[in-house]
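J.: here is my input; please provide its structure:
(chains A and B, ligands or ions: 1)
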Amino acid sequence: MKQEQWETLVAVIRGETLRPLPTGFIIDCPWLPNWAGHAILDYFTDDRAYLADNLKAIDAFPSTIFLPGFWSEYGMCTEPSAFGAVPVWEENEFPFAKKVIRAPADVERLEKPNPRKEGLLPFVIKRLQHLEPEIEKAGHKIRFAVARGPLNIASFLMGTTEFLTAIKTDPERMRQLLAIVTDFLVDWIAFQRECFPSIDGVLLLDDIVGFVSKRDFETFGLPYLKRAFDTDVTIKFFHNDAPCKVCAPFLPEIGVNFLNFGVQHTLNEMKDWTGGKVALLGNVPPRDVLADGSPEDVRRCVTDLLSAVEDRSRLILSCGGGMPPGAPTRNIETFIATASELTR
Amino acid sequence: MYDFAKFREAVLTGDAAAAVSLTRQALDGGVEPVDLISQGISPAMNEVGRLFEEGEYFVPELLISARATKAVFEILRPLLAKKGVQSAGRIVLGTVQGDLHDIGKNLVAAMLEGGGFEVTDLGINVAPERFIAAARDTQAQIIGLSALLTTTMPAMKTAIDAFREAGIRGRVKVMIGGAPITRSYAESIGADGYGENAAVSVDLARQLIGA
Ligand code: B12
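T.: Next up, the predicted model:
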């Protein structure tokens, strides 16, 4: 991310209404490698491809902000790998991790991993360190520490259904699991900050919070998210593209000041539920419009989005979720051009 | 008179232990297993589905109700079999190869079980051969495929083609679902049915096997 892009983000988060309104997209393996002409596994295993693909996207859409910017993920495998979850790789599919916890009782034996040494985490760090001189030469800085959130990691370790069932049937052990995961997350974020002093933001991605009631969120979400985000950085960025109504009112208390959410809710609703305190990144339908729609659909959708939102402060136009697989260049260009034209 | 309301309450609140002990009480008191289903489980699971649609219930609430239902069916199934009462049908369900999304698929499994179907859930990332083997083992009448990624939708077609090659396509109906799936996509790959959500999947399954 360029310095001026970072400053734009910070200005929006502080409440300035910029003209034109900025646009931004979370990009990672579901979209980037295939868009840039690489197989997903090559993107993950070849640092040159990783760097080239990221730079190619930045060059192709210079006026938009790609978030979190040079993010060295391994799909859904990064954090689970440190807990011993086997990552599954196919040539051109999204990797994921196999479960390691068979029954809630296994939590008793679960150890907090060391992010400096275990799983794929050293690879994530080293890749970025090896590429950092070139990233900086191209005018960018690594700005965000990134991780999946506590409920999301717990779900990978156990299976989502098993985890969501066990918060009802074995709540004590699930709190224990979340505590271990969160202790690990705190270390992992601290380690990323230590390795890259340019980091001044944290991004946590956790869709699983979207599936629980308010009461369960207060027990199994709130305390852990609060701890994970409890670090001294300027931007606290949260992604949840599953339902967001339950967690939204708690986001300011958690410290979140920037949110990417899904298409279940409108921008006005989210502003209302977060008390206007959280900058929003959203929310054109990613799959149905940005990936599968025509440029005209994209244009119409961006126009409708803008005309529906009364207060344009704390807003960065985007899609409701990460950039989806297959989103074509023409649609992204149309999105950016429409946003810029209508908010000049 | 047996207190069906109390039994329904146990299912509704996902209290598996209470549901099981109330089932035993009912059976000891001479209640017919089919009545426990029609006056207990079915209305309770319909109510669970309604509460979920209305945003009163969330995924965990639905999952534990389904778990209670499953525990009750474990007691009832052998009794029903003895009396020659068939289950509503046998279904093999799974998320297709390359896809790990299973929240929606599991809700479908829960509602189908609540509707009296015997569900064999193969989980996520299921290769066609595993569907075929399970369909053979369980003599399934329906195979249900779920996909949440546009990139794994083609794996549904691959699976259906494999069912044909394995010679089981004539014996099983295939129903598919998942957020990116549409009725016309289902038709285009030769599936027999498309279910938009968990609630309709029960009626769909019934229709498919003419139950
Ligand atoms: C939760 C979620 C996840 C969770 C999944 C947890 C789990 N165990 O399921 C996690 C975080 C793991 C995840 C991972 C990924 N995800 Co995801 N995920 C979602 C999300 C937010 C919600 C999906 C969901 O559970 N919905 C709730 C359930 C209840 O609804 P449902 O699944 O549609 O099911 C209902 C019906 O469709 C139907 N149904 C479903 N199956 C069946 C089957 C039958 C037989 C029938 C009859 C009916 C039926 O009934 C269900 C109940 O009513 C969606 C976005 C969204 N809001 O939809 C993205 C989304 C699906 N994910 C997406 C992506 C890209 C990914 C990743 C590739 C991201 C990555 N960086 O790697 C990985 C996938 C890796 C892999 N190999 O699969 C994209 C897909 C885009 C596309 N073009 O297809 C989406 C749309 C988000 C986006 N940016 O656009 N994801």
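J.: confidence score at B:A211?
T.: Note on B:A211: pLDDT of 63.
J.: mind checking pLDDT for the nearest residue to A:P285 once chain neighbours are set aside?
T.: By the measure of CB to CB, 6 or more residues apart in numbering or on different chains, the closest residue to A:P285 outside its immediate chain neighbours is A:V263, 4.7 Å from it. For every residue, glycine as well, the C-beta is placed using N, CA and C. If you check A:V263, the pLDDT there is 97.
J.: isn't A:V263 up against A:L290?
T.: No. Taking CB atoms under 8 Å as the definition, A:V263 is not a contact partner of A:L290, at 10.6 Å.
J.: can you pull the residues that touch both of the two?
T.: When contacts are counted by CB atoms under 8 Å, 6 or more residues apart in numbering or on different chains, A:V263 and A:L290 are jointly contacted by A:V284.
J.: more neighbours: which of the two?
T.: Between A:V263 and A:L290, counted using other CB atoms under 10 Å in any protein chain shown, A:L290 has the larger neighbour count: 28 against 17.
J.: and the residue nearest to A:P285, what does it touch?
T.: If a contact means CB under 8 Å, 6+ apart, then A:V263 has A:D241, A:N283, A:V284, A:P285, A:P286, A:G320, A:G321 as its contacts.
J.: need the contact list for the first one.
T.: Okay, so that is A:D241. The neighbours of A:D241, taking CB under 8 Å, 6+ apart as the test, are A:D207, A:G210, A:N260, A:F261, A:G262, A:V263, A:P286, A:G320, A:G321, A:G322.
J.: out of those, which one sits closest to B:E61?
T.: Checking the contacts of A:D241 against B:E61 by CB to CB gives A:G210 as the nearest, at 14.5 Å.
J.: how about the closest residue to the closest one other than its chain neighbours, secondary structure?
T.: Closest residue to A:G210 apart from its sequence neighbours, by CB to CB, 6+ apart: A:A242 at 2.7 Å. Assigned with DSSP: H, G, I helix; E, B strand; the rest coil, A:A242 falls in the coil class.
J.: ok, which residues in chain B are in contact with the ligand?
T.: Contacts of chain B with the ligand, taken as CB under 6 Å from any ligand atom, map to B:98-105, B:107-108, B:144-146, B:148-150, B:175-180, B:195, B:197-198, B:201.
J.: where's residue 136, which helix or strand?
T.: Just so you know, I chose chain A. Here A:E136 sits within helix A:121-137, counting by DSSP states H and E.
J.: wrong one, chain B
T.: Per DSSP H and E: helix B:128-138 holds B:R136.
J.: now do the helix or strand following that helix against helix B:128-138, angle only.
T.: Counting by DSSP H and E, the element after helix B:128-138 in chain order, helix or strand, is strand B:142-146. Strand B:142-146 and helix B:128-138 are oriented at 150 degrees to each other (axes from the mean of the first three to the mean of the last three CA atoms, to 10 degrees).
J.: name the helices or strands packed onto strand B:142-146?
T.: strand B:89-95, helix B:103-114, helix B:128-138, helix B:153-165, strand B:173-177, helix B:198-208 (3 or more CB pairs under 8 Å, 6 or more residues apart in numbering or on different chains; DSSP states H and E).
J.: cutoff 7 Å now
T.: For strand B:142-146, the packing partners by 3 or more CB pairs under 7 Å, 6 or more residues apart in numbering or on different chains; DSSP states H and E come out as strand B:89-95, helix B:103-114, helix B:153-165, strand B:173-177.
J.: can you name the residues bridging to A:V202?
T.: A:A145, A:K236 (DSSP bridges).
J.: confirm for me that it is in contact with A:G149.
T.: No. Under the criterion of CB atoms under 7 Å, A:V202 makes no contact with A:G149, lying 10.7 Å away.
J.: from the contacts of A:D241, which is closest to A:N331?
T.: A:P286 (10.5 Å).
J.: quick check, pLDDT for B:L122.
T.: For B:L122, the model assigns a pLDDT of 97.
J.: I should have written A:D47 there, sorry.
T.: Note for A:D47: predicted pLDDT of 94.
J.: and the helices in the stretch 201-344 of chain A, which stretches?
T.: With helices called from DSSP state H, counting those that start in this stretch, the stretch 201-344 of chain A shows them at A:214-216, A:222-229, A:251-254, A:267-273, A:295-308, A:329-342.
J.: the longest helix along chain A near chain B anywhere?
T.: Ranked by number of residues, the top helix in chain A under DSSP state H is helix A:171-195. No. Helix A:171-195 lies out of reach of chain B by CB under 7 Å from any CB of the partner chain, never closer than 10.3 Å.
J.: which helices and strands does that helix pack with?
T.: Helices and strands touching helix A:171-195, by 3+ CB pairs under 7 Å, 6+ apart, are helix A:121-137, strand A:144-148, helix A:150-158, helix A:160-169, helix A:222-229.
J.: closest one to B:T138 among those?
T.: helix A:160-169 (20.3 Å).
J.: report the angle between the longest helix along chain B and helix A:160-169.
T.: Secondary structure of chain B per DSSP H: the longest helix is helix B:59-82. Put simply, helix B:59-82 runs at 100 degrees to helix A:160-169, going by the same axes, to 10 degrees.
J.: what pLDDT does A:L151 get?
T.: A:L151 is assigned 98 on the pLDDT scale.
J.: if I look at it, how far off is A:G221?
T.: 6 Å (CB to CB, to the nearest Å).
J.: between these two, who's got more neighbours?
T.: Each of A:L151 and A:G221 has its neighbours counted (other CB under 10 Å); A:L151 has more, 30 against 24.
J.: check the gap between the more buried one and A:E341 for me.
T.: Distance, A:L151 to A:E341, using CB to CB: 40 Å.
J.: same check, this time on B:G98
T.: For B:G98, the distance to A:E341 - CB to CB - is 39 Å.
J.: ditto for A:L128
T.: Going from A:L128 to A:E341 by CB to CB gives 36 Å.
J.: what is the end-to-end distance of stretch B:192-200?
T.: End-to-end distance for stretch B:192-200: 15 Å, by CA to CA, to the nearest Å.
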